[in-house]
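>>> predicted model, plus sequence, below.
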Amino acid sequence: MIQITGPRIDRGDDILTPEAIAFVDHLHQAFAGRRQELLAERRRHREEAGNGRDPRFLSSTAAIREDDTWRVAGAGPGLEDRRVEITGPTDPKMAINALNSGARVWLADLEDATSPTWANIVGGQGTLFDAVRGRLAFTSAEGKDYRVTTPLEHTPTIVMRPRGWHLVEKHLAFTDRAGRSTPASASLTDFGLYFWHNAQAVVDAGRGPYFYLPKLESHLEARLWNDIFVFAQQRIGMPVGTIRATVLIETIPAAFEMDEILYELRDHCAGLNAGRWDYIFSMIKTFQGRGRRFAFGDRDRITMTVPFMRAYTELLVATCHRRGAHAIGGMSAFIPNRKDAEATERALQKVADDKRREAGDGFDGTWVAHPDLIPTALAEFDAVLGERPNQVERQRDDVHVTADDLLDVAGADATVTDGGVRANVSVALRYLEAWLRGTGAVAIDGLMEDAATAEISRSLLRQWIDNRIVTAEGAPVDAALVSHVLDEEQARLETDGSRFADAADLLREVVLGEDVPTFLTIPAYARYLVDTAPSEEDLALAG
C-alpha cells in the first residue's frame, strides 16, 4: 500500500485523492520490484565501465538492429509537428508563459528543471490538472495576474517528464506484500498521478497522454515503461497504444541501444531526444576512474561539434528516421537578457547557429528554454521544413557510427583554465543554492542552468582532481584549490537568508568526498527537501 507521509499541502486534496493514490499503489505493486532489479543492473554496468570495459553494441539484439521492417507508432494527435518545443518547470507562472509561447510542444518538466520539494511536486501536478482543462491562472505576490490567452486548442501539446528511475518520493511510503516499506518511486508517482487525473481529459481535447522518459540506460528499462503503459491504459479502459513516449538519449549506455529502446516501446513511441547536457555528464561520470583518456577541458569547450557528440547526434537522427520516429534536438543553454541588447544578440546568434546545424542534420524539432528564443529557433527549422511537419522521410544513409566514434573524446579541447575551475565552482554553488530554495531552472551568467548542467560542473571538478590536471596558467587542480575557490565564492555570494552555506557543504561532499554520489540531487534531496513527518492528525486527514 501507499501511505502519504508528507504534510498536508496546497492542491493536495485535488491531486492526492484516494483513487489516485490507489492507482499509484497498483503501479508499485506491479512494477516496483522490476525497478529495483534494473537499478542493480545499472550499478553492475557502471562498475564494469569503471574497471575498464567500454560500452558496446549488444550482440544479443543484433537481429533487431538488422531488421529493416519494423517501425514505431510515431506521432499521436498534436505531435505531428514538433519543430520547436519549450521546456520548463511546472509552477503556474512558467506554465502560463509556456502555454502562451507559440511553441508546438511544452515539455512540462518534473525532473531536471524542478526542485523536488513536496510543494513543487504536488503543486506541479495541480498546474497540469488545470492546464489540461484550460483553467490555469496565477496571481503573483505583487498582484500581477497571469492568464493563458492562447485558445486551448492552439496551446502547445503537453509532454510531461516524470523523474528518473533512480529517484524516490520520500513523502509517499510504499509497503509491499511482504511488509517491507520503502520510499515510493518518483517515476511511478509522477507518471501515475498525471495519467490518472489527465489521460482521458487530454484525449477528449484531441491530443493524448504524452511523456518524455529521462535517464534510461537500457532497452530493459524501456520495456518496463512499455509494460507500465499497457497496464495503465488497461486499468482505465483506454485503448492500448494511446500513450506516446519520447525517450531522452542522455546516457552513454542508451546511445548503444537506440534501436532496441525504440523496439521495446514501438507501440507507444513517438521519437528520441538528444539530451545533450545529461549525455555529457554521463560521459564524465561513466569513465570517472579511467584516466586522462576521458578527461575534458573547461565546460564551454565541450561543444556539439566535438567528435563524440557529432557521432551521437547523427546516429540518433539516422536511427529515428529509419524507424519512423521523430528526432528532437537538444537545448542550447544560451538565453536572452532583456536588459542587455548586446548579450541578447550574442545569445540569439549562438542559438541560431545551433538550430541551423540541427535542422540541417535532419532533426525534426528542437528545444528552447525561453520564449524569446522561439522565433530564432523557428526560423531555422522553417527554412528547412517549409510546410512539412517534419523530415522523417529523410534517411541518413550516409551515417555509419561505430562504438569507437561514440567514445572518441580525443578531438575535444582538453585545456583547463583557472577561469574554468572558478566558473564550475561558482555555477554549481549558485545553482544548488537556488535548488535548495525550491527553484530548479536558474539563469546564471547568460545560461539556463538545470540539474544536468550543474552535474557537468561538479563532475568536471572531480575529474580534474582525480587526474591531477594542471591549468593552463600552471595551477594544480586539487582538493585544496577547489576548496579555496569555494570558500571565496561562498563569501562573495552569501547574503542574509540565503542557502549558500548549505549549498557549499553539499558541493564539498559531492566533489571532494571519498565516495562521489552518482547524482548530486540524491543526497541534497534526502538532507534538505524532505519535510518532517506529519502528525497522526495530518496522516488521518491525508487519508
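Perfect, thanks for sending it.
>>> how about the nearest residue to residue 412, chain neighbours excluded?
Leaving out its chain neighbours, the residue that sits closest to residue 412 by Cβ to Cβ, 6 or more residues apart in numbering is residue 306, at 4.1 Å. Any C-beta I mention is one placed from the backbone N, CA and C, and that applies to glycine too.
>>> contacts only, for that neighbour.
Listed by Cβ atoms under 8 Å, 6 or more residues apart in numbering, the contact set of residue 306 reads 409, 411-413.
>>> residue 305: how many residues sit nearby?
As a burial measure, residue 305 scores 11 neighbours (other Cβ atoms under 10 Å).
>>> is it in a helix, a strand, or coil?
Under DSSP: H, G, I helix; E, B strand; the rest coil, residue 305 falls in the coil class.
>>> what's the helix or strand for the residue lying closest to it once chain neighbours are set aside?
Counting by Cβ to Cβ, 6+ apart, residue 305 lies nearest to residue 357, which is 7.7 Å off, once chain neighbours are set aside. Element membership for residue 357, per DSSP states H and E: helix 341-361.
>>> and that helix, what does it pack onto?
helix 307-322, strand 365-368, helix 374-385 (3 or more Cβ pairs under 8 Å, 6 or more residues apart in numbering; DSSP states H and E).
>>> let's have the contacts of residue 306 in TSV, adding secondary structure and distance to residue 74.
Below are the contacts of residue 306 laid out as TSV (DSSP: H, G, I helix; E, B strand; the rest coil; distance: Cβ to Cβ, whole Å):
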residue	secondary structure	distance to residue 74
409	coil	34
411	coil	35
412	coil	35
413	coil	39
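>>> of the residues you listed, which is the nearest to residue 361?
Closest approach between the contacts of residue 306 and residue 361, by Cβ to Cβ: residue 411, at 17.6 Å.
>>> check whether the closest one really touches residue 307, as I assumed.
Yes - the pair residue 411 / residue 307 is scored as a contact, 4.0 Å apart, by Cβ atoms under 8 Å.
>>> of these two, which one has the most company?
It is residue 307, of residue 411 and residue 307, that has more neighbours when counted by other Cβ under 10 Å, with 16 against 12.
>>> among the helices and strands packed on helix 341-361, which is nearest residue 48?
Among these, the nearest to residue 48 by Cβ to Cβ is helix 307-322 (19.5 Å).
>>> now that closest one - C-alpha only, CSV.
Taking Å, rounded to 0.1, in the frame of the first residue of the first chain, the C-alpha atoms of helix 307-322 are listed here in CSV:
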residue,chain,number,x,y,z
PRO,A,307,33.6,14.1,-32.4
PHE,A,308,31.8,12.1,-29.8
MET,A,309,28.8,14.5,-29.8
ARG,A,310,28.6,14.6,-33.6
ALA,A,311,28.6,10.8,-33.7
TYR,A,312,25.9,10.6,-31.0
THR,A,313,23.5,13.1,-32.7
GLU,A,314,24.0,11.8,-36.2
LEU,A,315,23.3,8.2,-35.0
LEU,A,316,20.2,9.4,-33.2
VAL,A,317,18.8,11.0,-36.4
ALA,A,318,19.6,8.1,-38.6
THR,A,319,18.1,5.6,-36.1
CYS,A,320,14.9,7.5,-35.6
HIS,A,321,14.2,8.1,-39.3
ARG,A,322,14.9,4.5,-40.2
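>>> could you list the low-pLDDT ranges of this protein?
Within the chain, the stretches with pLDDT under 70 are 532-543.
>>> contacting residues for the residue nearest in space to the middle of it?
Geometric centre of the chain, nearest residue: residue 112, 4.8 Å, by Cα atoms, centre = their mean. By Cβ under 8 Å, 6+ apart, the contact list for residue 112 reads 214, 278, 440, 450-452.
>>> before we move on, the earlier item: tell me how far the residue nearest to residue 305 lies from residue 190.
For residue 357, the distance to residue 190 equals 32 Å [Cβ to Cβ, to the nearest Å].
>>> can you check residue 428 too?
Per Cβ to Cβ, residue 428 is found 25 Å from residue 190.
>>> who's more crowded, these two?
Each of residue 428 and residue 190 has its neighbours counted (other Cβ under 10 Å); residue 428 has more, 30 against 26.
>>> kindly indicate whether the residue lying closest to residue 455 once chain neighbours are set aside is helix, strand or coil.
Once flanking residues are discounted, residue 455 sits nearest to residue 281: 4.3 Å by Cβ to Cβ, 6+ apart. Classification of residue 281 using three-state DSSP returns helix.
>>> wait, doesn't residue 281 sit right on residue 459?
Yes - Residue 281 is within contact range of residue 459, at 6.0 Å (criterion: Cβ under 8 Å).
>>> what number of residues lie near the residue nearest to residue 55 when sequence neighbours are not counted?
Among residues not flanking residue 55 along the chain, residue 256 sits closest, at 5.0 Å (Cβ to Cβ, 6+ apart). Other residues near residue 256 come to 22 when the count uses other Cβ under 10 Å.
>>> part of a helix, is residue 3?
No - looking at residue 3 with three-state DSSP, it is strand, so not inside a helix.
>>> that one contacts residue 172, correct?
Yes - using Cβ under 8 Å, residue 3 is in contact with residue 172, at 7.1 Å.
>>> look at those two and report which has more neighbours.
More crowded of residue 3 and residue 172, by other Cβ under 10 Å: residue 172, with 25 against 16.
>>> buried residues in stretch 288-301?
288, 290, 294-299 (16 or more other Cβ atoms under 10 Å).
>>> ok, longest strand in the chain?
Using DSSP state E to define each element, the chain has its longest strand at strand 168-175.
>>> tell me which helix or strand comes right after that strand.
The first helix or strand that comes after strand 168-175 along the chain, using DSSP H and E, is strand 181-185.
>>> which strands or helices does that next one pack on?
Counting contacts by 3+ Cβ pairs under 8 Å, 6+ apart, strand 181-185 packs against helix 18-50, strand 168-175.
>>> for the last one, name the packing helices and strands.
By that I understand strand 168-175. strand 2-4, helix 18-50, helix 118-132, strand 181-185, helix 186-204.
>>> residue 50 reaches residue 285, doesn't it?
No - using Cβ under 8 Å, residue 50 makes no contact with residue 285, being 9.7 Å away.
>>> so for these two, which residue has more residues nearby?
A direct count of neighbours by other Cβ under 10 Å for residue 50 and residue 285 places residue 285 higher, at 22 against 14.
>>> now residue 437: how far from residue 96?
Here residue 437 is placed at a distance of 21 Å from residue 96 (Cβ to Cβ).
>>> the more surrounded of these two?
Between residue 437 and residue 96, counted using other Cβ under 10 Å, residue 96 has the larger neighbour count: 22 against 16.
>>> tell me which element the more buried one falls in.
Using DSSP H and E, the element containing residue 96 is helix 92-99.
>>> got the buried residues for that helix?
92, 94-99.
>>> same check on stretch 365-378?
Buried, per 16+ other Cβ under 10 Å, within stretch 365-378: 365-374, 376-378.
>>> before we move on, what about stretch 378-398?
378, 380-381, 384-385, 389-392, 394, 396.
>>> output these as JSON lines; include the columns distance to residue 251.
Output for the buried residues of stretch 378-398, formatted as JSON lines (distance: Cβ to Cβ, whole Å):
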{"residue": "378", "distance to residue 251": "29"}
{"residue": "380", "distance to residue 251": "27"}
{"residue": "381", "distance to residue 251": "26"}
{"residue": "384", "distance to residue 251": "28"}
{"residue": "385", "distance to residue 251": "29"}
{"residue": "389", "distance to residue 251": "29"}
{"residue": "390", "distance to residue 251": "25"}
{"residue": "391", "distance to residue 251": "26"}
{"residue": "392", "distance to residue 251": "24"}
{"residue": "394", "distance to residue 251": "26"}
{"residue": "396", "distance to residue 251": "22"}
